[in-house]
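*Asks:* Would you be able to build a 3D model of this:
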Amino acid sequence: MIRVLALSLPVFLSSLLSQGASKTAMPADKQEDAIRTVLQLEEESKQAAIRRDVAFAERTLADNYVAIGPLGTLISKEETLAARKNSQVHYDSIELSEMVVRVFGNTAVVTGRADVKGKDLGQDFSGPYRFTRVWIKRAGQWQVVSYQATVTH
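*Replies:* Okay, here's the model as predicted:
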């Protein structure tokens, strides 16, 4: 459930555009469509992480995907898929907030906050995080090329 600070999606999109969060030569309606699509993909990504949906990750992570975990570790697409397949990482819940999407042509940069409850190899990693995810639109499909998460207090 994406909370957009109690704003409806159209108001949120207009707010983002008027604040200059998405400055490109792209027409405003195309920017709004891209923002709407990426926000939907963020929700689907959250649900897929909770369900450990390997197929979603295979489809939406680019082959050259790299993540930087909260402790600075580099994580490849293959490692992400393996962690889902063997249930290494288990999310009980993920609450997203404070999300901002900036669109630059075929690239979308998402920043936000995630309050998570979960375990990695039995170790609790619950807490608040700030994250950045970079989506690239290739051959008509949005894929994640980079992700970074930082623990917040």
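*Asks:* Can you tell me who residue 95 pairs with across the strands?
*Replies:* Using DSSP bridges, the bridge partners assigned to residue 95 are residue 115.
*Asks:* State the pLDDT value of it.
*Replies:* pLDDT, residue 95: 98.
*Asks:* wait, it sits on residue 115?
*Replies:* Yes. Using Cβ atoms under 8 Å, residue 95 is in contact with residue 115, at 4.4 Å. For every residue, glycine as well, the C-beta is placed using N, CA and C.
*Asks:* Near residue 116, how many other residues are there?
*Replies:* Residue 116 has 19 neighbours, counted by other Cβ atoms under 10 Å.
*Asks:* Apart from its chain neighbours, what residue comes closest to it?
*Replies:* Spatial nearest neighbour of residue 116, excluding adjacent residues (Cβ to Cβ, 6 or more residues apart in numbering): residue 94 at 5.0 Å.
*Asks:* Is it correct that the one you found is in contact with residue 50?
*Replies:* Yes. Between residue 94 and residue 50 there is a contact at 6.3 Å, judged by Cβ under 8 Å.
*Asks:* thinking again about what came up before, tell me the contacts of the residue nearest to residue 116?
*Replies:* When contacts are counted by Cβ atoms under 8 Å, 6 or more residues apart in numbering, residue 94 touches 46, 49, 50, 114, 115, 116, 117, 118.
*Asks:* Specify the helix with the largest residue count in the protein.
*Replies:* Of all segments of type helix in the chain, defined using DSSP state H, the longest is helix 28-51.
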